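Visitor: after the sequence you'll find the predicted model.
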Amino acid sequence: MKEIILFTFISSFTLSFLSPKKVDFRPPGTMKVVDNFYIDEIEVSNRYWHEYLSALKEKYGERSAIYKQALPDTNVWTVDNKSNQPFVETYFRHPSYQDYPVVGISYDQAKAFCDWRTEAVKEMMQRTGMTTVNFAYRLPTQTEWELIANAGYTSKQEKSLRKANKKYDGKARTCNMKFGQTGKGYNSPVMTAPVRTYLPNKYKVFNIYGNVAEMVAEPKVAMGGSFLHYYDDIVPTNATLTYDGPQSWLGFRSVCEIY
């Protein structure tokens with residue numbers, strides 16, 4: 001069972017190898033930023049958090065403290081909006097939301113996930129004889145996050161955006177956030193979107209802005225804004241957000257550093 005879980009987690013991403021002597025290793029689930037430094041293509045989703053929980057359940061048991069401490073707080077959906085009550089039971093558990101970003105996660109839970117992910121990937125790679133590269137997944141620092149966020153788009157992507165803007169009278173959406181205007185192309189979002197929604201940036205990273213704000217290594221600091229925040233309040237200055245615990249608008253993605 002454990003082997004199946006780890007294989008599913010790893011095989012959903014890309015590993016490439018040039019030759020037995022020279023290994024071109026990309027940590028599973030990531031996109032290259034610079035040599036030895038990579039960032040997740042997507043925000044960590046409900047699907048991958050369920051795989052994490054399955055691994056903990058297999059190793060420690062469903063009644064263990066470790067397993068229970070990893071469960072997301074689904075009650076975050078009703079803190080500011082009681083009409084979100086259905087999401088308490090459905091958002092994390094229903095298959096329809098498996099590719100949406102996981103929310104209701106604390107800073108310590110996110111760090112524990114990164115640690116588990118590192119060891120799980122290393123274990124599977126050792127078993128399959130892939131490589132012995134040393135690496136670790138972790139939360140990005142604020143500076144690292146801003147490096148990826150400021151990358152912008154390629155010329156090809158900008159051409160696609162120009163076409164979209166022409167179609168939507170200059171109001172094409174680039175992220176899951178609120179805008180000052182309403183109407184065609186600017187209807188305010190009411191919740192998260194799937195993790196591969198909208199155009200990825202130059203590093204092929206999806207939803208670096210909007211959808212869910214993303215925790216960084218600095219405690220209680222989140223970047224990028226969410227579906228509840230206004231574009232102009234966040235994006236032009238990479239404004240920071242603060243949090244005290246799990247939120248419906250807060251998630252994360254990992255970076256991976258090769259040593």
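Guide: Good, I have the coordinates.
Visitor: next, the buried residues of stretch 115-135.
Guide: Judged by neighbour count (16 or more other C-beta atoms under 10 Å), stretch 115-135 contains these buried residues: W116, R117, T118, A120, V121, K122, M124, M125, M130, F135. Glycine gets a C-beta too; all of them are placed from N, C-alpha and C.
Visitor: and those residues, which two are furthest apart?
Guide: W116 and M130 (18.8 Å; C-beta to C-beta).
Visitor: for stretch 234-254, the distance to its chain's centre please.
Guide: Stretch 234-254 has its C-alpha centroid displaced from the chain centroid by 12 Å (C-alpha atoms, centre = their mean, to the nearest Å).
Visitor: quick one: contacts for S248?
Guide: Residues near S248 by C-beta atoms under 8 Å, 6 or more residues apart in numbering: V76, W77, V79, D80, N84, F87, V103, G104.
Visitor: distance of the spatially most central residue of the chain relative to W249?
Guide: Per C-alpha atoms, centre = their mean, the C-alpha nearest to the average position across the chain is that of E43, at 1.1 Å. Distance of E43 to W249, computed by C-beta to C-beta, to the nearest Å: 12 Å.
Visitor: give the residues shared as contacts by these two.
Guide: Joint contacts of E43 and W249 (C-beta under 8 Å, 6+ apart) are V212.
Visitor: any idea how far the closest residue to L228 other than its chain neighbours is from I258?
Guide: Nearest residue to L228 in three dimensions, chain neighbours excluded: W249, at 4.8 Å (C-beta to C-beta, 6 or more residues apart in numbering). Taking C-beta to C-beta as the measure, W249 and I258 are separated by 32 Å.
Visitor: more neighbours, those two?
Guide: The neighbour comparison of W249 against I258 (other C-beta atoms under 10 Å) goes to W249, with 21 against 14.
Visitor: pretty sure that one sits against F227.
Guide: Yes: here W249 reaches F227: they are 6.7 Å apart, a contact under C-beta atoms under 8 Å.
Visitor: overlap of the contact sets of those two?
Guide: V212.
Visitor: quick check: N75 is in a helix.
Guide: Yes: counting by DSSP: H, G, I helix; E, B strand; the rest coil, N75 is located in a helix.
Visitor: that one reaches V88, doesn't it?
Guide: Yes: between N75 and V88 there is a contact at 5.9 Å, judged by C-beta under 8 Å.
Visitor: which helix is the longest one in this protein?
Guide: If you go by DSSP state H, the chain has its longest helix at helix 107-128.
Visitor: for it, the distance to its chain's centre please.
Guide: With C-alpha atoms, centre = their mean as the basis, helix 107-128 stands 15 Å off its chain's centre.
Visitor: what's it packed up against?
Guide: helix 2-11, helix 46-60, strand 135-138 (3 or more C-beta pairs under 8 Å, 6 or more residues apart in numbering; DSSP states H and E).
Visitor: what angle do helix 46-60 and that helix make with each other?
Guide: In terms of direction (axes from the mean of the first three to the mean of the last three C-alpha atoms, to 10 degrees), helix 107-128 departs from helix 46-60 by 70 degrees.
Visitor: now do the strands in the protein.
Guide: Listed in chain order, the strands of the chain (DSSP state E) span 30-34, 37-40, 135-138, 213-215, 221-223, 240-242, 250-251, 255-258.
Visitor: what packs against the fifth one?
Guide: It stands for strand 221-223. Strand 221-223 packs on helix 142-149, strand 213-215, strand 240-242, going by 3+ C-beta pairs under 8 Å, 6+ apart.
Visitor: nearest to Y97, of the ones you listed?
Guide: Nearest to Y97 among the helices and strands packed on strand 221-223 is strand 213-215 (18.3 Å), distances taken as C-beta to C-beta.
Visitor: what does the closest one rub up against?
Guide: Here strand 213-215 has contacts from 43, 107, 110, 139, 145, 208, 221-226, 229, 241, 243, 247, 249-253, using C-beta under 8 Å, 6+ apart.
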